[in-house]
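Student: got a predicted structure here, sequence first:
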Amino acid sequence: MIATLAFGALVSALMLTGCPSEQNLGRDDANMTPVDAAPDAPVNPVCANPIPNCSTTFTYRGSAQSVELRGDFAADGWTVGVPMTRGADGVWSATVPVTDNQIIVYKYVVDGNWITDPANPRKSPDGFGADNSVVRADCDNCPARAAIDWRDAIMYFVLIDRFNDGSTANNAPVSGVEGPGNYTGGDFAGLKAKIDSGYFTELGINTIWISSPVDNADNANPGSDGHAYSGYHGYWPADLLKVESKIGNEAELKAVVDAAHARGIQVLIDYVMNHVHISSPTYAAHQDWFWPNDNGFGGNCVCGQGCDWNASATRCWFDGFLPDFNFNNGDARRFSVDNAIAWAKRTGIDGFRLDAVKHIETSWLTDLRARIKAEVQFDQRFYMVGETFDGGRDVIKRYVNPDTMLDGQFDFPLRAQMIRTLLRRDGVMSDLIGFLNDNENYYGPNSVMSTFIGNHDVPRVVHMAEDAPLFGEWDGGKDRGWVNRPNLPSAASAFERLAVAYTMLYTLPGIPMLYYGDEYGMPGGGDPDNRRYMQWSGYSAPQQALRDRLAALAKVRNAHAALRRGTRTTLGSSNDHLVYQMSAAGDTVFVAMNRSDGQLQATGLPPGDYRDAVTNEVVRAPLALSPRSARVLIAQ
Ligand SMILES: [Ca+2]
Ligand SMILES: [Ca+2]
């Protein structure tokens, strides 16, 4: 709204009838962030009487014979336009109906010439080498939600189909597909129910990344393992303009976003731009927008088959039924970027998780960021985090530039090192320290990476923490995706090691990302066994302890800026333990962890009394660390 008011001379937009009075500017208890959220977490001014519809007026000062408004204020606004009329003061104007907070991209046609609005500094690339003007209507003058600083985010990934079935009416599994590869019923309605019930709030989650809401192919297609799969995962986009009916409709998606926002929770959607499913109407209409599945040597160009994953990274097809966009084609790039922008505007989301970044032409990313800045980002930073599933920091960093591309990426190299050192107990703690020393600040001063140890493309992390680990840090675990599927470990040790690793994630900068089910150590081998339906009750004691620990860690992280924004100093270590200090202005937190199965003395911790911020115990240094334990300590 600030942006709109800044050029109020341009848009005399504000139809202020019914503007809420001071006392109802969102101080509605039902909408307040619960007490365990960060002191500086966003509060949520929600207007008591929002005004959905109003009108806005555009003006042009200049001599002309005719002036017309063109833009996306109406479905045919770019082709039909609205004639502007000259007032007695010589100012041209046109008034169009809008909804509250509607973002309008427009141009003026002055005596037949298309121009941007000379009085409006906010411009967005039009994809043809020139600009459009952009304004946001503000009907109720209601203050925006308090903006999140993304360094304060704690993220949770919901694979919608596998999370919570809120409506059996939309359940429609694909015939010919076995259970693990098929739709299981999870939907937006189920997700909203969990948001409303406070599930995420109790876990200290303030950001949810949801799997793609875009319509997916209804086909069954074979995976590389020969089993038939459906598009339950969201990575087979078909009709790019529609919501996937098996997980809900657009109103239900919007209700998820609104419910999250009311609780101070941001929403990211997974946007899949690299490819479409071969049944997509976009592919049918525009085959020239896609790379041919032809390696030039008489073979296909499927990644890892006729084309190399790396040498042909941007053009190879992930599978023979997944045509790959060629964004060197300007029409293809405009269409795709338009589509991503449209999803952001329609849903009111706060960011994107962008799939398979190293497999697209970089021009797509730079075009998207420029338009996000102009057309979507008004009240707070629109966070874009990429997936580059790679152990190389250089290739990951290539796409991190908050000004022109991504805010950050998922930190796969950190994940690998943490799994090696803390869960599998390979090597020694100094390996991890050396890695952290190199990793901190690696991606640039304004980047915000996302840290994690589990996601939907690797075996469930609990099995890497078992006494005898079942998987290595880069294992896909596909050999245990359908058969010989791992069981829940019965011993507490694996869960205790996970708690140590999460203590590190929650005490270092970056956005910790929790994969659904990992909060209670969900078991599972490789894809699709790593995507079992969420378990909502009946946890073992070690599972419950892990989940409680994560909730407590989130509270500690929210309470201490040093953990979210501070700098780390190693104080002491041995082969099996590590002590470090996190410091920010006026805030110091000590972290001590022991990965071994025996008790160890923490070294480097200054002598004195401490309060364990997770358990509230008071302890004294020199300090003994129990087997497989970590403490977050505040000097007393
Ligand atoms: Ca359902
Ligand atoms: Ca590609």
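Tutor: Structure received. Ligands and ions are numbered 1, 2, ... in the order given.

Student: how close does Q102 get to ligand 1?
Tutor: In this view, Q102 and ligand 1 are 31 Å apart by C-beta to the ion, to the nearest Å. (Glycine included, C-beta is placed from N, CA and C.)

Student: and for R86?
Tutor: In terms of C-beta to the ion, R86 sits 56 Å off from ligand 1.

Student: can you pull the contacts of the nearest residue to that residue once chain neighbours are set aside?
Tutor: Spatial nearest neighbour of R86, chain neighbours left out: W92 (5.2 Å); criterion: C-beta to C-beta, 6 or more residues apart in numbering. Applying C-beta atoms under 8 Å, 6 or more residues apart in numbering to W92 gives the contacts T59, Y60, R61, G62, A64, V67, M84, T85, R86.

Student: can you name the next helix or strand after the lowest-mean-pLDDT helix or strand in the chain?
Tutor: Within the chain, confidence by mean pLDDT, DSSP states H and E is lowest for helix 2-6 among all helices and strands, at a mean of 30. Using DSSP states H and E, the helix or strand that follows helix 2-6 in sequence is strand 53-61.

Student: chain center to the helix or strand following that following strand: distance?
Tutor: Note on strand 53-61: by DSSP H and E, the next helix or strand toward the C-terminus is strand 67-71. In terms of C-alpha atoms, centre = their mean, to the nearest Å, the centre of strand 67-71 is set 36 Å apart from its chain centre.

Student: ok, stretch 386-401 next?
Tutor: For stretch 386-401, the distance from its own C-alpha centre to the chain's C-alpha centre is 16 Å (C-alpha atoms, centre = their mean).

Student: with stretch 341-351 instead?
Tutor: How far stretch 341-351 lies from its chain's middle: 12 Å, per C-alpha atoms, centre = their mean.

Student: can you list the contacts of W92 in a markdown table and add pLDDT and neighbour count?
Tutor: Formatted as a markdown table, the contacts of W92 follow (pLDDT from 0 to 100; neighbours: other C-beta atoms under 10 Å):
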| residue | pLDDT | neighbour count |
| --- | --- | --- |
| T59 | 98 | 21 |
| Y60 | 98 | 21 |
| R61 | 97 | 14 |
| G62 | 94 | 14 |
| A64 | 97 | 17 |
| V67 | 98 | 22 |
| M84 | 98 | 23 |
| T85 | 98 | 11 |
| R86 | 97 | 15 |
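
Student: in JSON lines, list those along with distance to R549.
Tutor: Below are the contacts of W92 laid out as JSON lines (distance: C-beta to C-beta, whole Å):
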{"residue": "T59", "distance to R549": "58"}
{"residue": "Y60", "distance to R549": "61"}
{"residue": "R61", "distance to R549": "63"}
{"residue": "G62", "distance to R549": "65"}
{"residue": "A64", "distance to R549": "68"}
{"residue": "V67", "distance to R549": "64"}
{"residue": "M84", "distance to R549": "62"}
{"residue": "T85", "distance to R549": "66"}
{"residue": "R86", "distance to R549": "68"}
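
Student: and which of these is nearest M593?
Tutor: Closest approach to M593 among the contacts of W92 (C-beta to C-beta): T59, at 62.3 Å.

Student: ok, that closest one touching A119?
Tutor: Yes: counting by C-beta atoms under 8 Å, T59 does reach A119; the two are 7.5 Å apart.

Student: beta-bridge partners for N132, please?
Tutor: S124 (DSSP bridges).

Student: surely it and I103 touch.
Tutor: No: using C-beta under 8 Å, N132 is not in contact with I103, being 11.1 Å away.

Student: in terms of neighbours, single out the busier of these two.
Tutor: A count of neighbours by other C-beta atoms under 10 Å puts N132 above the other of N132 and I103, at 25 against 21.

Student: how much space separates that one from ligand 1?
Tutor: 40 Å.

Student: what do you get for D149?
Tutor: 35 Å.

Student: and what of S363?
Tutor: S363 is 38 Å from ligand 1, by C-beta to the ion.

Student: residues near that residue, how many?
Tutor: Around S363 there are 13 residues (other C-beta under 10 Å).

Student: which residues sit in contact with M429?
Tutor: Contacts of M429 by C-beta under 8 Å, 6+ apart are T421, S573, S574, N575, D576, H577, L578, R595.

Student: cutoff 7 Å now
Tutor: When contacts are counted by C-beta atoms under 7 Å, 6 or more residues apart in numbering, M429 touches T421, S573, S574, N575, D576, H577, L578.

Student: neighbour-wise, which of those leads?
Tutor: L578 (29 neighbours).

Student: is it in a helix, a strand, or coil?
Tutor: Following DSSP: H, G, I helix; E, B strand; the rest coil, we place L578 in the strand state.

Student: go ahead and confirm it touches M593.
Tutor: Yes: using C-beta atoms under 7 Å, L578 is in contact with M593, at 5.4 Å.

Student: what's the helix or strand for the residue in the stretch 1-150 of the chain positioned nearest to ligand 2?
Tutor: Relative to ligand 2, the nearest point of the stretch 1-150 of the chain is G127 (19.2 Å; C-beta to the ion). Using DSSP H and E, G127 sits in no helix or strand.

Student: now do D338
Tutor: D338 is part of helix 330-347, with elements assigned from DSSP H and E.

Student: mean confidence score for that helix?
Tutor: Average pLDDT, helix 330-347: 97.

Student: ok, how many other residues are close to the closest residue to ligand 2 within the stretch 151-300 of the chain?
Tutor: The stretch 151-300 of the chain approaches ligand 2 most closely through N274 (4.6 Å), counting by C-beta to the ion. Residues lying near N274 (other C-beta under 10 Å) number 25.

Student: residues contacting it?
Tutor: By C-beta under 7 Å, 6+ apart, the contact set of N274 is D324, F325, D355, A356, H359, I360.

Student: what about ligand 2: which of the residues you listed touch it?
Tutor: D324, H359 (C-beta under 5 Å from the ion).

Student: quick one: contacts for the residue in the stretch 501-636 of the chain that ligand 2 sits nearest to?
Tutor: Of all residues in the stretch 501-636 of the chain, D527 sits closest to ligand 2, at 20.5 Å by C-beta to the ion. Counting by C-beta under 7 Å, 6+ apart, D527 makes contact with D457, K478, G481.

Student: out of those, the closest to W364 would be?
Tutor: Ranked by distance to W364 (C-beta to C-beta), the contacts of D527 are led by D457 at 21.7 Å.

Student: tell me the contacts of that closest one?
Tutor: Shown in contact with D457 (C-beta under 7 Å, 6+ apart): F389, D527.
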